[in-house]
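Undergrad: Quick check, what structure comes out for this input:
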Amino acid sequence: MNGIGTDRTSGADEGRTSTIEVHVNGEARAVSEGSTLGALVATLTAAHSGVAAALNETVVPRGEWPRTALRSGDRVEVLTAVQGG
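TA: Down below sits the predicted model:
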């Protein structure tokens, strides 16, 4: 990909150490360039179910998280369901 367009498929080199800034639940966070939504969610919660993620106000299906690349300035919302009354 030449960097133009909306393709979010991760094709980043493994050896990169550069970081980008994304906003997670309203707070700035530095992540490695080439990080995916799946990797970010894994750092935030160990829950295997009851988790939803949105990227720039669009819900991303769980199956797409591992291949959804993050870009500088992205806004990520991660929500975890909680039981109780």
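Undergrad: List the contacts of Val59.
TA: By C-beta atoms under 8 Å, 6 or more residues apart in numbering, Val59 lies in contact with Ala52, Ala53. Placement of C-beta: from N, CA and C, glycine included.
Undergrad: tell me the contacts of the residue nearest to the spatial centre of the chain?
TA: Centrality entry for the chain: nearest residue to the mean C-alpha point is Leu37, 2.3 Å, by C-alpha atoms, centre = their mean. The contact partners of Leu37, taken as C-beta under 8 Å, 6+ apart, are Ala53, Leu55, Val60, Glu64, Trp65, Pro66, Thr68, Ala69, Leu70, Val76.
Undergrad: Would you mind giving the secondary structure of the fifth one?
TA: Okay, so that is Trp65. When states are read from DSSP: H, G, I helix; E, B strand; the rest coil, the local structure at Trp65 comes out as helix.
Undergrad: For it, which non-adjacent residue is spatially closest?
TA: Gly38 (3.6 Å; C-beta to C-beta, 6 or more residues apart in numbering).
Undergrad: which element is that neighbour on?
TA: Under the assignment given by DSSP states H and E, the secondary-structure element containing Gly38 is helix 37-44.
Undergrad: Which strands and helices lie in contact with the helix or strand just after that helix?
TA: Sequence order places strand 51-55 as the next helix or strand after helix 37-44, per DSSP H and E. Other helices and strands packing on strand 51-55, by 3 or more C-beta pairs under 8 Å, 6 or more residues apart in numbering; DSSP states H and E, are helix 37-44, strand 75-80.
Undergrad: Thanks a lot, catch you later.
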